[in-house]
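**Student:** From the sequence below, what's the structure:
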Amino acid sequence: MNIFAEIRTLVIETLDAMVADGELPPGLNYGNVSVEPPRDAAHGDMATNAAMVLAKPAQMAPRDIADDLAGRLKTDPRIAVAEVAGPGFLNLHLDGRVWHDVVSEAIDAGASFGHSGMGAGIKVNVEYVSANPTGPLHVGHTRGAIFGDALCSLLQAAGYEVTREYYINDGGAQVDVLARSAYERYREAHGLSPEIAEGLYPGDYLVAVGEAMKEKFGDQFLDKGEQYWLAEVREFATEAMMALIRDDLAALGIKMDVYFSEKSLYATGRIEAALETLEKKGLLYEGKLEPPKGKVPEDWEPREQLLFKSTEFGDDVDRPVKKSDGSWTYFAPDVAYHYDKVQRGHDELIDVFGADHGGYVKRMKAATSALTDGTVPLDIKLTQLVRLFKNGEPFKMSKRAGTFVTLRDVVDQVGPDVTRFVMLTRKNDAPLDFDFARVTEQSKDNPVFYVQYAHARVKSLIRKAESAGLPISDHPELSDPQEYAVARKVGEWPRLVEIAARNHEPHRVAFYLYDLASEFHALWNKGNDHPELRFVHEQDPAATAAKIALPRAVAVVISAGLGILGVTPAEEMR
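**Tutor:** Residues are numbered from 1 along each chain as shown. Presented below is the predicted three-dimensional model:
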C-alpha cells in the first residue's frame, strides 16, 4: 500500500475530470505533478504541486486551479481537508482511518511491505568492489562494498532483477608484482630472508601464501629465474587473494553472483569484438593525442595510436584503445567488459568506483553509450574516503596489510552490522567520518543504536504481551497526534523505497529509519507521562490490542529497512 501513490492517482484522475469538464485545457503533461510529505507536518499529511506546475501550460492562475482541485478532492472519503496555501500549493489532511489502514497493511504484508513493481523486471548489473586481487580489502573498499550491496537489495525491493558482480583485475602488471611478492614469502617459508624490494607488497598476509606455496611446490622454484615460476605463482597467488577477498566480503554478509576475470578478455577475441563494433560505427581512428595539460613530461613524444572518439559522447578528450606498439591500453579491456555486460542481456549498468576513479566516469559512459547507441544507461557511483576516528581524534589502527587498514580490522572492532549501517549514514559521494567510540555508544547520537533500540523495544513489548496472555491485534486505534505522526512515517516507507531505488541512493533508507525510530521513541516517552498511550495494559486486553498494532508496524518497517542495508534487526539490547 503506497498511500502517496494512491493519492497522486486520485489527483491525476481529478485533473482529468477537470479537463473533461472544460475547466482545464486538454493535452497537459502530468509528469511533474507530485504528492509528497509537506516540509512542515502542521500543514497536513501530504502536499501537491499540481496547480503550480500546470498553471503555465494551462495559461491559468495557479490559485484558480488549486481552488477547483481542492473542492473536488474533498468529495473523496480519504480526504478530510484540502487547503490552498500561498500561490497555489495544496495541503491535504487525510481521514484518520487511512492511517489505521496503513498500519494494518504493514503488519499484514510483513517483510514485503514497501516492495514495489517499479522496476518491472528490468535487468540491472551492479559491479562493485572490484579491488585488485593483490591483498585483503581495505577500509575504502569496505564503503564501496556496503554501498553496492545495499543498492542491489534496494533495487530488488523495487522490482528490478539484479546481478551482483565483481570484476577481477587479473590481467595487468599488478598481478606480476603480486607473484614476485608471494615468491619472496615462499623463499621465507624455506628459511631464507625475503627481499621485499620497493614496489613489492610488504603485507604479512602473504606469509600464509608463501607457506601454502611451499606445501604445493616444495623447493622446485628456489633459486630459479622467474621465467620458470612467474606464471604458476601468479595464478596461485591470485586465487589465494581472491579466496581472502571472498572471506572478507562474507564477513560483511556479501555474496556475489558473478566473478568476472579480466584475463578472460585477452586472447579470446572479446576485446577485438567490442572494438570492431566501434569501428563499424566509425568511432575509431589513428591519431596523436595532445600532451597532458600543465607540465609536459620531458620524455613526452606524441605517437600514432588507435583512438576512440569519446568526445562525441561527452568526454573531454578522445581515448586511446591501442598503443603504438600494438598492445592494448588499460581502457580497451574496460570497453570490452562493458560490452560483455550488455551482450549478456542487462538493460541497465551501474558501476561503483572509489573516489580515485573519477577520471574514468566520462570515458566509460562514452564507451557504453557508443556501444549501445544510448539504449543501455550506465550510472557510475563514486564512494568518497572514510576517515577513521576515536573519540573525535584521528585513529591509527594496526595495519596487518602492511600499508593500510583492512576491512577485517574495522569489522573485528565493531562488528558487521554497525559497520554496514554507519557506512550508509552519508551519501556515497560525501566523505565519511567513522568514529569507533561513537558508533558503539548507546545514545541518540548513534543512529545504529537508536534504530536497533526501537526494534528491540517493540520485540520486548510483544514478548511482554504474549507472556501475559494479552491479544496481539493487527488493527490499531489511533487518537493522539504522536500516534498519527508514527503512522504517517510508516506510510512513507513504500514511497521512500521507490525514490531511493530510482536515484540509486541507499543512504536514504538509513536516514528514514532514524527518523522513524525518532518518532517511535517520542511516542514511547510520551507514554511515560500519559499512561493511556502505553502499548501494554496488563489489566485491559482491549486497550493492549488497540495500542500494540502501531509498534508492530514500526518493527515490520525497521526490519525491512535494515534488511535492505544488510543489518540484522536486534531482538533485545545488551
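
**Student:** and V258, bridged to which residues?
**Tutor:** Each beta-bridge partner of V258 is listed here, defined by DSSP bridges: E165.

**Student:** Might one say that it is in contact with V162?
**Tutor:** No - applying Cβ atoms under 8 Å as the test, V258 and V162 come out as separate, 11.3 Å apart. (Glycine included, C-beta is placed from N, CA and C.)

**Student:** Tell me where this structure is predicted with low confidence.
**Tutor:** Where the chain drops to pLDDT under 70, the residues are 294-297, 397-403.

**Student:** For the residue nearest the centre of it, which non-adjacent residue is closest in space?
**Tutor:** Ranked by distance to the mean C-alpha position of the chain (Cα atoms, centre = their mean), the top residue is L151 at 2.9 Å. On the basis of Cβ to Cβ, 6 or more residues apart in numbering, the spatially nearest residue to L151 that is not a chain neighbour turns out to be P506, at 5.1 Å.

**Student:** residue contacts, the one you found?
**Tutor:** Going by Cβ atoms under 8 Å, 6 or more residues apart in numbering, P506 touches F147, A150, L151, S153, L154, L424, A500, I564, L565.

**Student:** can I get these in JSON lines with distance to A212 and secondary structure?
**Tutor:** What follows is those, written out as JSON lines (distance: Cβ to Cβ, whole Å; DSSP: H, G, I helix; E, B strand; the rest coil):
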{"residue": "F147", "distance to A212": "33", "secondary structure": "helix"}
{"residue": "A150", "distance to A212": "34", "secondary structure": "helix"}
{"residue": "L151", "distance to A212": "35", "secondary structure": "helix"}
{"residue": "S153", "distance to A212": "35", "secondary structure": "helix"}
{"residue": "L154", "distance to A212": "39", "secondary structure": "helix"}
{"residue": "L424", "distance to A212": "36", "secondary structure": "coil"}
{"residue": "A500", "distance to A212": "43", "secondary structure": "helix"}
{"residue": "I564", "distance to A212": "38", "secondary structure": "helix"}
{"residue": "L565", "distance to A212": "36", "secondary structure": "helix"}
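
**Student:** Using TSV, please lay out those residues together with distance to D351.
**Tutor:** Listed next are the contacts of P506 as TSV, based on distance: Cβ to Cβ, whole Å:
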residue	distance to D351
F147	12
A150	16
L151	11
S153	18
L154	16
L424	18
A500	19
I564	20
L565	21
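
**Student:** now, among the residues you listed, which is nearest to H338?
**Tutor:** Within the set of the contacts of P506, L151 lies nearest H338; the separation is 18.1 Å, counting by Cβ to Cβ.

**Student:** Next up, the contacts around that closest one.
**Tutor:** L151 sits next to V126, Y128, I350, V352, K381, H504, P506 when contact means Cβ under 8 Å, 6+ apart.

**Student:** packing partners for the helix or strand hosting D334?
**Tutor:** Assignment of secondary structure by DSSP states H and E places D334 within helix 331-343. Other elements packing on helix 331-343 under the criterion 3 or more Cβ pairs under 8 Å, 6 or more residues apart in numbering; DSSP states H and E are helix 270-280, strand 319-322, strand 348-354, helix 361-372.

**Student:** mind saving the C-alpha coords of it as CSV?
**Tutor:** This file holds the C-alpha atoms of helix 331-343, laid out as CSV (Å, rounded to 0.1, in the frame of the first residue of the first chain):
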residue,chain,number,x,y,z
PHE,A,331,40.9,1.3,-21.4
ALA,A,332,40.5,-1.4,-24.1
PRO,A,333,39.5,-4.3,-21.8
ASP,A,334,37.2,-2.0,-19.8
VAL,A,335,35.4,-1.3,-23.1
ALA,A,336,35.2,-5.0,-23.8
TYR,A,337,34.0,-5.8,-20.3
HIS,A,338,31.1,-3.4,-20.5
TYR,A,339,30.3,-4.7,-24.0
ASP,A,340,30.1,-8.2,-22.5
LYS,A,341,27.7,-7.0,-19.8
VAL,A,342,25.4,-5.6,-22.5
GLN,A,343,25.7,-8.8,-24.6
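
**Student:** Quick one: the helices in the stretch 1-150 of the chain, in order.
**Tutor:** 3-20, 50-58, 62-73, 96-109, 139-157 (DSSP state H, counting those that start in this stretch).

**Student:** and among those helices, the most buried is which?
**Tutor:** Among the helices of the stretch 1-150 of the chain, ranked by average contacts under mean count of other Cβ atoms under 10 Å, first place goes to helix 139-157 (a mean of 25).

**Student:** Pull the distance from it to the chain's centre.
**Tutor:** In terms of Cα atoms, centre = their mean, to the nearest Å, the centre of helix 139-157 is set 4 Å apart from its chain centre.

**Student:** relative to strand 348-354, how tilted is it?
**Tutor:** 160 degrees (axes from the mean of the first three to the mean of the last three Cα atoms, to 10 degrees).

**Student:** Just the CA atoms of helix 139-157, as CSV, please.
**Tutor:** Backbone C-alpha positions of helix 139-157 (Å, rounded to 0.1, in the frame of the first residue of the first chain) are rendered in CSV as follows:
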residue,chain,number,x,y,z
VAL,A,139,38.6,0.4,4.6
GLY,A,140,37.9,2.3,1.4
HIS,A,141,36.8,-0.9,-0.3
THR,A,142,34.5,-1.5,2.7
ARG,A,143,32.4,1.5,1.9
GLY,A,144,32.0,0.7,-1.8
ALA,A,145,31.2,-3.0,-0.9
ILE,A,146,28.5,-2.0,1.5
PHE,A,147,27.1,0.7,-0.7
GLY,A,148,26.9,-1.6,-3.7
ASP,A,149,25.4,-4.4,-1.8
ALA,A,150,22.7,-2.2,-0.2
LEU,A,151,21.9,-0.7,-3.6
CYS,A,152,21.4,-4.2,-5.0
SER,A,153,19.0,-5.1,-2.2
LEU,A,154,17.2,-1.8,-2.6
LEU,A,155,16.7,-2.3,-6.4
GLN,A,156,15.4,-5.8,-5.8
ALA,A,157,12.9,-4.4,-3.3
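
**Student:** Perfect, that will be all.
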